[in-house]
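A.B. asks: Output the structure for:
(chains A and B)
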Amino acid sequence: MTATVQSHGGQVRQSANFRHGCDNYGESADSGRYARRSSLRAAIFGAGAAGEASPWATRPPAARKALSGVVADVSPHVLILRTQAGEERLTLPPDVKAWRGSTVPAAAIRHDDRVIVRKARIGCAERIWAQIGRVTGTIIEREGSELLVDEGPAKGRKIVLIGKGALRPILVRFPRMEPGFLIDVIGLRQEGYLLALTPATAQPPYRADHPPAPPLVSGHIPEHINGTVSWHEPGEEPPGLLGLAYPALDPETNCEHTVPSRHEHFVVDPHAVGPGCVRLPHLSVGSAVQIHNECSGRSDVLPVTSCGAPSRLFCDRCVECGTSPRGRIADLTVMAFVELGGNLEDGCFNATLAVAK
Amino acid sequence: MTLGGGQILSELRGIQAPLLAVVLIGAFAAKSRRVISARSVDAAASPTALFPVRLRRPGAIALCAAELVLGIALLVTSGPFPGGPDLKGTLADYSRGATAILFLTAMAVLYELRGRRPEAGCGCFGDLSHTPVSGRSIARSGLLSAGALVSIGAQPLRIPGSPGMAWLLVAAVAVELTALAVLSPELGELMVRLGYSEPCEVRRIPVSRTLASLRTSAQWRRYKRHLTDLEPSDVWREGCWRYAVFPGVAEGRRVDVVFAVYTKLRRPPVRAAIVDAAADDAPGGFFIPPPRIAPDEGATKPLPVFVQPAPRDLYDSL
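C.D. replies: Below you'll find the predicted structure:
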């Protein structure tokens, strides 16, 4: 690591003081307050469709497709994970797909790897992602193949090292690898940095601080909004959290006024660049939204768990199954993304968002 | 073909140049506006998305310059010209020919862009051109290049010989403009911008304004006696409604009184409900069983019940 990038000391976190008044489910001591909001709203306007479970309700293990843990043991036919709930044994069928930087045999996964698993059925793995990580934000320093990326006020700065052999494919999608421009890469999570291997999208042509203005909408925001859904690493969120970072939290009661002004060169406050390029209704942490994955056909009602303002900077489209409309409508937790049928190495899926009634 | 029909065609050929000039200058103005608002030439580089990176910015600058120069040249050579008819005719033909080449090139570029970058907009008219390239955009370039080609060698514009001729000419131009409009996705975007008023879901209303409206409402006067704290314990927003929760006591039990205030500046509708305060703040606090009678008239009377219309019905009524 070079001295320039090292001067920021690895993963640099912003002081927690900035977040006073900025709702975040995972980092609040009073998270029950957010969970209660849906029921309080329902007290006035009625509950949703009969049988619709609260987005905060704990799902039994049998109902969940996604699982995360640390590899205790792996063989060609069995994977044993250490999870929060204890040890879990998973059968590995012959057609199981595993990712560890690229598609690999399941036996290539290593002991103590942190993995995300999607189950085909109880006790049987369908897909495995080992040590997968992602960095999304604004490049603020570059030294050869090493980048310092600012992921926004909440997540701080991350170091990205572009892997050998990955520089060319990443440069094809991100030709402006220079400070002030956006980057979104997926790779192997290492101690203190991300080894970038795959571009997650095409680089927007504009500088990070000048995203396009959103299209104007007369009347009401449509009930169903189409766009791109991405995912983010857990960071300090509770492991296994099913939720999403929402790009359009209420500016009056959330993060808009809590970020101190920063005059550092190339650092972009996503709250200050406008609403982004997709018009979304203002919501709050605790609001329930329905996300429908257009590619897999799966739907789920998820709670808003944090501020996803950095997603506003990206006006890209997902081309996983057709071309989505421009703009990111939600940034799911990694477990929610997998639960909805998304493949982490793809980086996105086309989706429809609706505020759950 | 009658003499009148030949004259119409001749006039139609003559009108192409000023029409093309308006399109070119409009495209230049839209791109310039985007560059100025973004403070970066890269904002006008969408049409050059397929170029090598180092050529995108010079390509965008060259394109804008070409649009402006050709637009002015077409306008100038459509009317009286100081250099004499020969010079004017030469310049007119060259500028119209160059315009035809520009639009033919645009057709080819848009076709490639649609295939290789299906998510990219053409950027032809700046911010208005953000939808992915479709057959409409390609056909529009084709129509404009055809207009430029037929205008080569056309007679200069002159006043029609009769009112009937004038009306025929107007009708022919209207048909061409309609065809251009149908082939232009930017028109829909422009109409939306002209008729815009901010939806309630994204309207910015300060929390202080919401609470002030709440405190002057009939619902507040009705429920205030139950409140143990006049400051809200929680405030949040979902779409067109902002919610405020106040701790309270009712019938000897701890309750939360929740108010919903519409995001409207003057006299917003307010709704309210009383919910049993869950001891552990777990989701799903249950209701105090409400008796279904008229509004209460004193502490001994049961609590009122308010049946709320569905939010979408309420939108319509507002």
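A.B. asks: From now on I want contacts and neighbour counts done on CA atoms only, so please keep to that.
C.D. replies: OK.
A.B. asks: pretty sure A:G227 belongs to a strand, no?
C.D. replies: Yes. Counting by DSSP: H, G, I helix; E, B strand; the rest coil, A:G227 is located in a strand.
A.B. asks: can I assume it is in contact with A:D331?
C.D. replies: No. The pair formed by A:G227 and A:D331 falls short of the contact definition of Cα atoms under 8 Å, at 11.2 Å.
A.B. asks: So between these two, which is more surrounded?
C.D. replies: Between A:G227 and A:D331, counted using other Cα atoms under 10 Å in any protein chain shown, A:D331 has the larger neighbour count: 26 against 23.
A.B. asks: wait, doesn't the more buried one sit right on A:P234?
C.D. replies: No. Using Cα under 8 Å, A:D331 is not in contact with A:P234; the gap is 11.4 Å.
A.B. asks: Now do residue 33, the pLDDT please.
C.D. replies: All of this is about chain A. pLDDT recorded at A:R33 is 79.
A.B. asks: oops, chain B please
C.D. replies: Reported pLDDT for B:R33: 83.
A.B. asks: Low-confidence bits of chain A, can you list those?
C.D. replies: Along chain A, the model assigns pLDDT under 70 to residues A:1-31, A:47-62, A:218, A:254-263, A:357.
A.B. asks: Where in chain B is the helix or strand with the lowest mean pLDDT?
C.D. replies: In chain B, the helix or strand scored least confidently by mean pLDDT, DSSP states H and E is helix B:311-317, which has a mean of 31.
A.B. asks: following the lengthiest helix in chain B, which helix or strand comes up?
C.D. replies: Ordering each helix of chain B by length in residues (DSSP state H) puts helix B:3-38 first. Next along the chain after helix B:3-38, taking DSSP states H and E as the criterion, comes helix B:53-76.
A.B. asks: and the helix or strand following that next one, what does it pack onto?
C.D. replies: Counting by DSSP H and E, the element after helix B:53-76 in chain order, helix or strand, is helix B:85-116. Under the contact criterion of 3 or more Cα pairs under 8 Å, 6 or more residues apart in numbering or on different chains; DSSP states H and E, helix B:85-116 touches helix B:53-76, helix B:135-150.
A.B. asks: redo that, cut-off 10 Å
C.D. replies: Contact partners of helix B:85-116 among helices and strands, from 3 or more Cα pairs under 10 Å, 6 or more residues apart in numbering or on different chains; DSSP states H and E: helix B:3-38, helix B:53-76, helix B:135-150.
A.B. asks: Just send those back as a markdown table, with mean neighbour count and distance to chain A too.
C.D. replies: A markdown table is the format used below for those (neighbours: other Cα atoms under 10 Å in any protein chain shown; distance: least, Cα to the nearest Cα, whole Å):
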| stretch | mean neighbour count | distance to chain A |
| --- | --- | --- |
| helix B:3-38 | 19 | 6 |
| helix B:53-76 | 18 | 7 |
| helix B:135-150 | 20 | 16 |
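A.B. asks: among those helices, which is nearest A:G144?
C.D. replies: Nearest to A:G144 among the helices and strands packed on helix B:85-116 is helix B:53-76; the distance by Cα to Cα comes to 18.2 Å.
A.B. asks: Dump the C-alpha coordinates for the closest one into CSV.
C.D. replies: Only the C-alpha atoms of helix B:53-76 are listed here, as CSV (Å, rounded to 0.1, in the frame of the first residue of the first chain):
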residue,chain,number,x,y,z
VAL,B,53,-12.5,8.1,-23.7
ARG,B,54,-9.9,10.7,-24.7
LEU,B,55,-12.0,11.6,-27.7
ARG,B,56,-15.4,12.0,-26.0
ARG,B,57,-14.9,15.6,-24.7
PRO,B,58,-13.4,16.9,-28.0
GLY,B,59,-16.1,15.0,-29.9
ALA,B,60,-18.8,16.6,-27.8
ILE,B,61,-17.3,20.1,-28.3
ALA,B,62,-17.0,19.4,-32.0
LEU,B,63,-20.6,18.2,-32.2
CYS,B,64,-22.0,21.3,-30.4
ALA,B,65,-19.9,23.6,-32.6
ALA,B,66,-21.1,21.9,-35.8
GLU,B,67,-24.8,22.2,-34.6
LEU,B,68,-24.4,25.9,-34.0
VAL,B,69,-22.4,26.7,-37.1
LEU,B,70,-24.7,24.7,-39.4
GLY,B,71,-27.8,26.1,-37.7
ILE,B,72,-26.6,29.7,-38.3
ALA,B,73,-25.5,28.9,-41.8
LEU,B,74,-28.9,27.4,-42.7
LEU,B,75,-30.7,30.4,-41.3
VAL,B,76,-28.5,32.9,-43.0
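A.B. asks: quick one: average confidence on that helix?
C.D. replies: Mean predicted lDDT for helix B:53-76 stands at 88.
A.B. asks: likewise stretch B:89-97?
C.D. replies: Here the average pLDDT along stretch B:89-97 is 88.
A.B. asks: A:V229 is in contact with A:V334, correct?
C.D. replies: No. The pair A:V334 / A:V229 is not scored as a contact, 11.3 Å apart, by Cα atoms under 10 Å.
A.B. asks: Overlap in contacts, those two.
C.D. replies: Residues within reach of A:V334 and of A:V229 at once, by Cα atoms under 10 Å, 6 or more residues apart in numbering or on different chains, are A:244, A:342.
A.B. asks: How is the chain divided into domains?
C.D. replies: Unless you meant another one, I'm taking chain A. Chain A breaks down into these structural domains: A:61-130, A:224-355 (assignment by automatic domain parsing).
A.B. asks: meant chain B, my bad for not saying
C.D. replies: B:3-194, B:207-317.
A.B. asks: who does B:D256 bridge with?
C.D. replies: With DSSP bridges applied, B:D256 shows beta-bridge pairing to B:P247, B:V275.
A.B. asks: who touches it in this structure?
C.D. replies: B:D256 makes contact with A:40, B:226-228, B:232-233, B:244-250, B:273-278, B:285, according to Cα under 10 Å, 6+ apart.
A.B. asks: where does chain B have low pLDDT?
C.D. replies: B:1-5, B:37-40, B:42-45, B:80-87, B:118-120, B:127, B:130, B:192-193, B:195-197, B:278-318.
A.B. asks: Now with 50, please.
C.D. replies: Within chain B, the stretches with pLDDT under 50 are B:1, B:279-318.
A.B. asks: What is the neighbour count of A:A336?
C.D. replies: Neighbours around A:A336, by other Cα under 10 Å: 23.
A.B. asks: So it belongs to a helix, correct?
C.D. replies: Yes. Assignment of A:A336 by three-state DSSP places it within a helix.
A.B. asks: Quick check: it touching A:L242?
C.D. replies: Yes. Using Cα under 10 Å, A:A336 makes contact with A:L242 at a distance of 4.8 Å.
A.B. asks: Common neighbours of the two, please.
C.D. replies: A:66, A:300, A:302.
A.B. asks: for chain A, which strand is longest?
C.D. replies: Among the segments of chain A that qualify as a strand by DSSP state E, the longest is strand A:132-143.
A.B. asks: how about that one against chain B, any contact?
C.D. replies: No. Counting by Cα under 10 Å from any Cα of the partner chain, chain B is not contacted by strand A:132-143; separation bottoms out at 16.6 Å.
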